[in-house]
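**Q** What follows is a predicted protein model with its sequence.
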Amino acid sequence: MNTEIIMAKSSKRYRTLLDKQPKQPVSLADAVKKLGDFNNTKFDQTVEIAIRLGIDPKQADQIVRGSVVLPNGIGRTQRVVVFAKGDMAKAAEEAGADEVGQEDLAKKIKDGWTDFDACIAAPDMMGLVGPLGKVLGPRGLMPSPRAGTVTPDVAKVVGEYKAGKVEFRNDNAGIVHAVVGKLSFEPTKLQENVESFMKFIESLKPQTCKGVYVQSVALSATMSPSVMVAA
């Protein structure tokens, strides 16, 4: 089957789903159910949440970023690399890190390798990691204390990412995006993940943010339309 035919079929499928898309925000339970109704592909689609916040992204004190471990994971094993040496490096390896290194790992990344989901660094490694910001920063992979990825307890953080920890940061439009699971999840488990993420976002409301903080919430899957969730 050629590419044009595949694209045509995909477009037809998507247009059909758009006709079933709720026109108004629905409850979280109904949004999860609707996404399940959209699931007519042969692969397990990733579910993502998008939360529009009433912040000014240009103000440094209104940046919303962080990381959180979702109660039911995200449905896949994350690839984690760690900058550490000595006992910390050994602990990271034992915790399941996919790659642990120092200068060798830095050179590999500097040369363009970014085939991983999270990068963790021991504090004494930041002199080595800092220059990698041009490669890691644009991909959201740069370790930072605020995100919990610069830490003396690298083993603990490796375990958290392997268990389903997700990082997030608002974009230039004030929207936070994050993966919250897979369509194959039981609806109650997917709902628990979304509720946990939303509760955490609400706890991060900047003190200088005025007016409505959470302005809109939408759930979507890899090849499905989004569904707006009632506040």
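**A** Great, that's in hand.

**Q** got the residue ranges for the helices in this protein?
**A** With DSSP state H as the criterion, the chain has helices at 3-20, 28-38, 86-94, 103-110, 126-129, 133-136, 154-163, 187-203.

**Q** Just to check, residue 160 is in contact with residue 68?
**A** No - here residue 160 does not reach residue 68: they are 9.3 Å apart, not a contact under C-beta atoms under 8 Å. Backbone N, C-alpha and C define where each C-beta goes, glycine included.

**Q** who's in contact with stretch 136-151?
**A** 65-67, 83, 109, 114, 116, 118-123, 126, 129, 132-133, 157, 160, 167, 169 (C-beta atoms under 8 Å, 6 or more residues apart in numbering).

**Q** try stretch 89-97
**A** Residues from elsewhere that reach stretch 89-97 (C-beta under 8 Å, 6+ apart): 80-82, 84, 100-101, 120, 154-156, 158-159, 162.

**Q** And that stretch, what's buried?
**A** Neighbour-count burial for stretch 89-97 flags 89, 91-93, 95, 97 (criterion: 16 or more other C-beta atoms under 10 Å).

**Q** As PDB, could you dump the C-alpha coordinates of it?
**A** Only the C-alpha atoms of stretch 89-97 are listed here, as PDB (Å, rounded to 0.1, in the frame of the first residue of the first chain):
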ATOM      1  CA  ALA A  89      27.800   5.500  39.500                       C
ATOM      2  CA  LYS A  90      27.600   2.000  40.900                       C
ATOM      3  CA  ALA A  91      24.300   2.800  42.700                       C
ATOM      4  CA  ALA A  92      22.800   4.300  39.500                       C
ATOM      5  CA  GLU A  93      23.700   1.100  37.600                       C
ATOM      6  CA  GLU A  94      22.200  -1.100  40.300                       C
ATOM      7  CA  ALA A  95      19.000   1.100  40.100                       C
ATOM      8  CA  GLY A  96      18.600   0.400  36.400                       C
ATOM      9  CA  ALA A  97      20.200   3.300  34.600                       C
END
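
**Q** re the thing from before, I'd like the buried residues of stretch 89-97 laid out as a markdown table, including distance to residue 43 and pLDDT.
**A** Output for the buried residues of stretch 89-97, formatted as a markdown table (distance: C-beta to C-beta, whole Å; pLDDT from 0 to 100):
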| residue | distance to residue 43 | pLDDT |
| --- | --- | --- |
| 89 | 36 | 97 |
| 91 | 35 | 97 |
| 92 | 32 | 97 |
| 93 | 32 | 97 |
| 95 | 30 | 96 |
| 97 | 28 | 97 |
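
**Q** Mind picking the two most distant members of the residues you listed?
**A** 89 and 95 (10.8 Å; C-beta to C-beta).

**Q** What's the separation between the residue most central in space within the chain and residue 96?
**A** Nearest residue to the geometric centre of the chain (C-alpha atoms, centre = their mean): residue 178, 3.6 Å. Residue 178 sits at a distance of 22 Å from residue 96 (criterion: C-beta to C-beta, to the nearest Å).
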